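In: Sequence first, predicted model second:
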Amino acid sequence: MSKAESKKQQMAAGAALAAKRGEKPGSSLRGASKEMAKSMSEKELHDMAGTKREDLPTRESKDKS
């Protein structure tokens, strides 16, 4: 999992990365960003947060066929 699949996921990865680096308090994280900070490495978060947003949907599609 290296590229974000939605703008929301990319933003959550950015928040988790900031917390992991100590730029933002970990207590401010909620939901997906909190789980990402716990389960992903700094490199994984960096790659996901760095995904270009131009062609991403706002939210991840529920229909993945």
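Out: Sure, I can see it.
In: Which helix runs longest in the chain?
Out: Criterion DSSP state H: the longest helix present in the chain is helix 7-20.
In: So which bits of it are buried?
Out: For helix 7-20, burial by neighbour count (16 or more other C-beta atoms under 10 Å) applies to 7-10, 12-20. In this view, the C-beta of every residue, glycine as well, is placed from N, C-alpha and C.
In: Packing partners of it?
Out: The contact analysis (3 or more C-beta pairs under 8 Å, 6 or more residues apart in numbering; DSSP states H and E) places helix 7-20 against helix 31-39, helix 42-49.
In: For Ser2, which of those helices is the nearest?
Out: Ranking the helices and strands packed on helix 7-20 by proximity to Ser2 (C-beta to C-beta) places helix 42-49 first, at 4.4 Å.
In: Contacts for the closest one, please.
Out: 1-4, 9-10, 13-14, 16-17, 20-21, 36-37, 40 (C-beta atoms under 8 Å, 6 or more residues apart in numbering).
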